[in-house]
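A.B. asks: show me the folded form of this:
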Amino acid sequence: MASLFSYDKKCYGDNMKTRENHIDCVEKEPGSLGITKVKLDRNACIGISACIAMAPHAFPALDEEGKAIINDPLGTSDEELLSAAQSCPVKAIILEDEKGNIIYP
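C.D. replies: Residues are numbered from 1 along each chain as shown. This next block holds a predicted model:
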C-alpha cells in the first residue's frame, strides 16, 4: 500500500526538498482546530502504530519498511489527528494550519 503524497508548493511550500528528506504530506480542509496539512517524518517514525489506533483513516497501516502510511485524512476530525500526533513518542507527525504555522508538536 502506498502513501498519497502531495508534491506541490501548497503542501511543501518553497522547500521542495522536504519530500527528498522523507517527509510525506497531505492536505485537508480546515477543521475545528484549523489543521490543513498533515506531515509525517518517515526518518523519525519508528513504527509504534499509536497513530493507527488513534486515526486509522489517516494512518491506515505500516508499510514494508515498518513506517506509518499517511493517507487522505478525509473523515478524520482535527481532534483525532491531534490525538494521533500526540500519541507518537518521537513526534513524527506534524500538523500545520493554512499559513504554515505548526499546530503540533
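A.B. asks: I'd say G66 and G47 touch.
C.D. replies: Yes: applying CB atoms under 8 Å, one finds G66 in contact with G47, separated by 4.0 Å. C-beta: built from backbone N, CA, C; applies to glycine.
A.B. asks: all helices of this protein, in order?
C.D. replies: Here the chain has its helices, by DSSP state H, at 9-12, 17-20, 50-54, 78-87.
A.B. asks: just the CA trace of the longest one, in CSV.
C.D. replies: The reference is to helix 78-87. What follows is helix 78-87, C-alpha atoms only, in CSV (Å, rounded to 0.1, in the frame of the first residue of the first chain):
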residue,chain,number,x,y,z
ASP,A,78,-8.9,17.5,13.7
GLU,A,79,-9.2,16.2,17.3
GLU,A,80,-8.4,12.6,16.0
LEU,A,81,-5.4,14.0,14.1
LEU,A,82,-4.1,15.8,17.1
SER,A,83,-4.6,12.7,19.3
ALA,A,84,-2.6,10.7,16.7
ALA,A,85,0.2,13.2,16.6
GLN,A,86,0.3,13.4,20.4
SER,A,87,0.4,9.6,20.7
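A.B. asks: and it, how far from the chain's centre?
C.D. replies: 10 Å (CA atoms, centre = their mean, to the nearest Å).
A.B. asks: list the buried residues for it?
C.D. replies: For helix 78-87, the buried set under the neighbour-count rule, 16 or more other CB atoms under 10 Å, comprises D78, E80, L81, L82, A84, A85, S87.
A.B. asks: who are the packing partners of it?
C.D. replies: Other helices and strands packing on helix 78-87, by 3 or more CB pairs under 8 Å, 6 or more residues apart in numbering; DSSP states H and E, are helix 50-54, strand 93-96, strand 102-104.
A.B. asks: that older thread, for the buried residues of helix 78-87, which one is nearest F59?
C.D. replies: Using CB to CB, A84 comes nearest to F59 of the buried residues of helix 78-87, at 6.1 Å.
A.B. asks: and stretch 32-48, how far apart are its ends?
C.D. replies: Across stretch 32-48, the terminal residues are separated by 27 Å (CA to CA, to the nearest Å).
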